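# structure for the following, please:
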Amino acid sequence: MESADWLPFLRDLADEADAIAMRYFRAGDLHVDAKPDRSLVTQADLEVETAVINATATRFPDLGVFGEEHGQRNPNASQRLIVDPIDATANFARGLPIFATLLAIESEGEVVAGMVSAPALHQRWHAARGHGAYSGERKLSVSGVSALADSQIFHSSLAGAEAVPNTTRIPALLNKSWRQRGVGDFYQHMLVAEGCGEMALDPIVMPWDIAPLQIIVEEAGGKATTVGGDRNIRGGSLISTNGLLHEVALSHFDAG
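Numbers count the residues shown, from 1 in each chain. Below you'll find the predicted structure:
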């Protein structure tokens, strides 16, 4: 299949995921568990991923699935669906509307299509390799800001349980920018793709957190790599930028 041919399938999965997520969002009886790494999981996460797995098995039985909650199905497949059933589960559990289902198709190690669906924000973003990035019918393009002093930077947690060693490097970068907003999670990277800011910083993330974000940012004209500059969804971190400020961002995470 061509990269864009996957988008209707991802859209159908997102429709089903949205319905499940919104049934639980701000529900008074939402059950929340903490994983060993202190990240959260709810019955909504589990039900969304199960629904995605079942729909995939029905429509594309040879397609592998790699998800946050249920692991891998058909792991030797050359093509797979990567799913984060609810990105920003902590937001979801606290009633914050900034959460989304993340979906991506990986073919021979390359992400070729991606979709991010944020039902409480009434917004979706999608991209197919070589076909651009969109929010609905609106084509996305990163900003043209080329000076760090004029930039707006988005970031995740700077302290507390989510802080990691690389987190300590973020304030020096923020201090040189014009504006800073602690948006975090998928949304900050979509804002980079929208041209609302110049970079988004995630010192520690997993492949399912990264896969659709990478292609959407890239198809909008930006760059998305690890803090070490590797274009790898399995690299454990994500910096997305408008491209013009990417090397500047990476320089603040150099070892030493």
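# switch to C-alpha atoms for all contacts and neighbour counts from now on
Will do.
# now for the spatially closest residue to Arg80 that is not a sequence neighbour, how many residues are close by?
With sequence-adjacent residues excluded and distances taken as CA to CA, 6 or more residues apart in numbering, Arg80 is closest to Gly64, at 4.1 Å. Neighbours of Gly64 under the rule other CA atoms under 10 Å: 23.
# cool, and Gln188?
Gln188: 25 neighbours (other CA under 10 Å).
# phi, psi of the residue nearest to Arg80?
phi -70, psi 160 (degrees, to the nearest 10).
# also Ile20?
Torsion angles, degrees, to the nearest 10, at Ile20: phi -70, psi -50.
# show me the chain divided up by domain.
Following automatic domain parsing, one finds the domains of the chain at 3-131, 148-251.
# tell me where the model's unsure across the stretch 101-250 of the chain.
Judged by pLDDT under 70, the stretch 101-250 of the chain has its weakly predicted residues at 161-163.
# first-to-last residue distance for stretch 57-72?
Start-to-end span of stretch 57-72 (CA to CA, to the nearest Å) is 13 Å.
# quick check: Asn166 touching Pro203?
Yes. Asn166 is within contact range of Pro203, at 5.9 Å (criterion: CA atoms under 8 Å).
# tell me which of the two has more neighbours.
Neighbours per residue (other CA under 10 Å) separate Asn166 from Pro203, with Pro203 holding more: 25 against 17.
# just give the nearest non-adjacent residue to the more buried one, would you?
In space, Pro203 is closest to Ser237, 4.9 Å off (CA to CA, 6+ apart).
# how about Ala224?
Ser240 (4.2 Å).
# thought that neighbour was touching His189?
Yes. Counting by CA under 8 Å, Ser240 does reach His189; the two are 6.3 Å apart.
# joint contacts of these two?
With contacts defined as CA atoms under 8 Å, 6 or more residues apart in numbering, the residues adjacent to both Ser240 and His189 are Met199, Ala200, Val217.
# bridging residues for the first one?
What it means is Met199. Met199 has these beta-bridge partners by DSSP bridges: Ile153, Thr241.
# so it sits right up against Ser156, yeah?
No. Between Met199 and Ser156 there is no contact under CA under 8 Å: 11.7 Å.
# who has more neighbours, the two?
Neighbour count, other CA under 10 Å: between Met199 and Ser156, Met199 has more, with 32 against 21.
# good, wrapping up.
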